[in-house]
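S.K.: the sequence isn't on hand, but the structure is:
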């Protein structure tokens, strides 16, 4: 076991302290205050990250899809975007294997939890549960019906399979269906998340009328719309690297200035490994005006927890960001230690 860190990231900010950490990346002891001796692993200690938005089933398409020249709609929009055609033609066993591969990638990156939009109705949700079962990464399954028109037939089957509903987009289905799904989620103690304004502006007020627990993207939202999201207290999962593939740039600075709690998601596993620290490194390079502490908090996704925010405590998993040349440089250069088996 080794002593790690001189500062600890909490939901309230950075505070002096260090932890005794085992090779599996779990905390055995927390010591508050400035360490008297140099730690074995210098840097900032943070809770193991949460990937705020994934599509893990896309992993099987990673070697089959080239996004160059495609629009967002052509690449990923339901029902007939390229990825959806590939998913429909992929046997369930291969989908399970692909999602397990993606979760293994997340585990090697030190990820504690992923929030996954799972297409395919009950079959898709069941496949993700099977893929996740042998792995220590927590998975929040945000499912949806296999087709909009079969919601009434499948909703009872989804109750025991999903943690919530992941609405693909307000323009992908009738608004009344989105409202019915929001009521269902509320009645069953489930979460409601939705894609919003990824490729073009959508109706923010209609989205907020659903009382969502999470908005994904908000890439094309105006400052006024972001202010309304902030006033509603809804966190946003931003996916900057996937947005960049389609020449789009999320308004992260405006989100932070509006007071929105932002998490980072890797989005489609066919394009990237599900590692929120890859997103954080990208943000550190491309948004120099955003404070490094804020970027690290985004990677930990404090705002996206159903329970109290993750903290650095005994038994919890952590990562250590080397800040000897500055926290931003540690994030940008990926000088991050998770488990000793990280590769």
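M.R.: Happy to help now that I have it. Nothing here was measured: the structure is a model prediction, and the numbers come from that model.
S.K.: so which bits of stretch 185-205 are buried?
M.R.: Within stretch 185-205, the residues that qualify as buried are 185, 190-199, 202, 204, counting by 16 or more other C-beta atoms under 10 Å. To be clear about C-beta, it is placed using only N, CA and C from the backbone, and glycine gets the same treatment.
S.K.: tell me which two of the residues you listed sit farthest apart.
M.R.: Of all pairs drawn from the buried residues of stretch 185-205, the one with the longest distance (C-beta to C-beta) is 190 and 199, at 26.8 Å.
S.K.: reformat the buried residues of stretch 185-205 as JSON lines; add distance to residue 16 and secondary structure.
M.R.: Output for those, formatted as JSON lines (distance: C-beta to C-beta, whole Å; DSSP: H, G, I helix; E, B strand; the rest coil):
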{"residue": "185", "distance to residue 16": "41", "secondary structure": "helix"}
{"residue": "190", "distance to residue 16": "40", "secondary structure": "coil"}
{"residue": "191", "distance to residue 16": "35", "secondary structure": "strand"}
{"residue": "192", "distance to residue 16": "39", "secondary structure": "strand"}
{"residue": "193", "distance to residue 16": "36", "secondary structure": "strand"}
{"residue": "194", "distance to residue 16": "40", "secondary structure": "strand"}
{"residue": "195", "distance to residue 16": "40", "secondary structure": "strand"}
{"residue": "196", "distance to residue 16": "39", "secondary structure": "strand"}
{"residue": "197", "distance to residue 16": "40", "secondary structure": "coil"}
{"residue": "198", "distance to residue 16": "40", "secondary structure": "coil"}
{"residue": "199", "distance to residue 16": "44", "secondary structure": "coil"}
{"residue": "202", "distance to residue 16": "44", "secondary structure": "coil"}
{"residue": "204", "distance to residue 16": "41", "secondary structure": "helix"}
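S.K.: can you give the domain ranges for the protein?
M.R.: With automatic domain parsing as the criterion, the domains of the chain are listed as 1-48+310-343, 49-307.
S.K.: which of the ones you listed comes out lowest on mean pLDDT?
M.R.: Of all the domains of the chain, domain 1-48+310-343 carries the lowest average pLDDT, namely a mean of 88.
S.K.: quick one: residue 279 is in a helix?
M.R.: Yes. With DSSP: H, G, I helix; E, B strand; the rest coil as the criterion, residue 279 is located in a helix.
S.K.: from memory it sits against residue 263, does it?
M.R.: No. The pair formed by residue 279 and residue 263 falls short of the contact definition of C-beta atoms under 8 Å, at 9.4 Å.
S.K.: now do the shared contacts for those two.
M.R.: Any residue near both residue 279 and residue 263 by C-beta atoms under 8 Å, 6 or more residues apart in numbering counts here, and that gives 238, 298.
S.K.: can you pull out the helices in the stretch 201-343 of the chain?
M.R.: When secondary structure is read from DSSP state H, counting those that start in this stretch, the stretch 201-343 of the chain shows helices at 204-208, 223-232, 240-245, 252-258, 276-286, 292-300, 327-332.
S.K.: quick check: angle from the second one to strand 191-196?
M.R.: Which is helix 223-232. Using axes from the mean of the first three to the mean of the last three C-alpha atoms, to 10 degrees, the inter-axis angle of helix 223-232 relative to strand 191-196 is 180 degrees.
S.K.: and if you look at the longest one?
M.R.: Computed with the same axes, to 10 degrees, the direction of helix 276-286 lies at 40 degrees from that of strand 191-196.
S.K.: which other residues reach helix 276-286?
M.R.: Residues contacting helix 276-286 (C-beta under 8 Å, 6+ apart): 49-52, 109-111, 238-241, 244, 249, 252, 263-266, 272, 290, 292, 295-296, 298-299, 301, 319, 328, 331-334, 336.
S.K.: take the residues you listed and, keeping just the buried ones, write it as a PyMOL select command.
M.R.: For the buried members of the contacts of helix 276-286, the matching PyMOL selection, counting by 16+ other C-beta under 10 Å, is:
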select buried, resi 49+50+51+52+109+110+111+238+239+240+241+252+263+264+265+266+272+290+292+295+296+298+299+301+319+328+331+332+336
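S.K.: the residue most distant from the middle of the chain, which is it?
M.R.: Residue farthest from the centre of the chain, counting by C-alpha atoms, centre = their mean, is residue 36 at 36.4 Å.
S.K.: angles on the backbone of that one, please.
M.R.: The phi and psi values for residue 36, taken as degrees, to the nearest 10, are phi -80, psi -30.
S.K.: over to the one 5 residues further on?
M.R.: Here is the backbone geometry of residue 41 (degrees, to the nearest 10): phi -120, psi 100.
S.K.: neighbours of it, just the number please.
M.R.: 17 (other C-beta atoms under 10 Å).
S.K.: and if you look at residue 43?
M.R.: The tally of other residues near residue 43 (other C-beta under 10 Å) stands at 22.
S.K.: hang on, isn't it packed against residue 319?
M.R.: No. The pair residue 43 and residue 319 does not pass the contact test of C-beta under 8 Å, sitting 9.1 Å apart.
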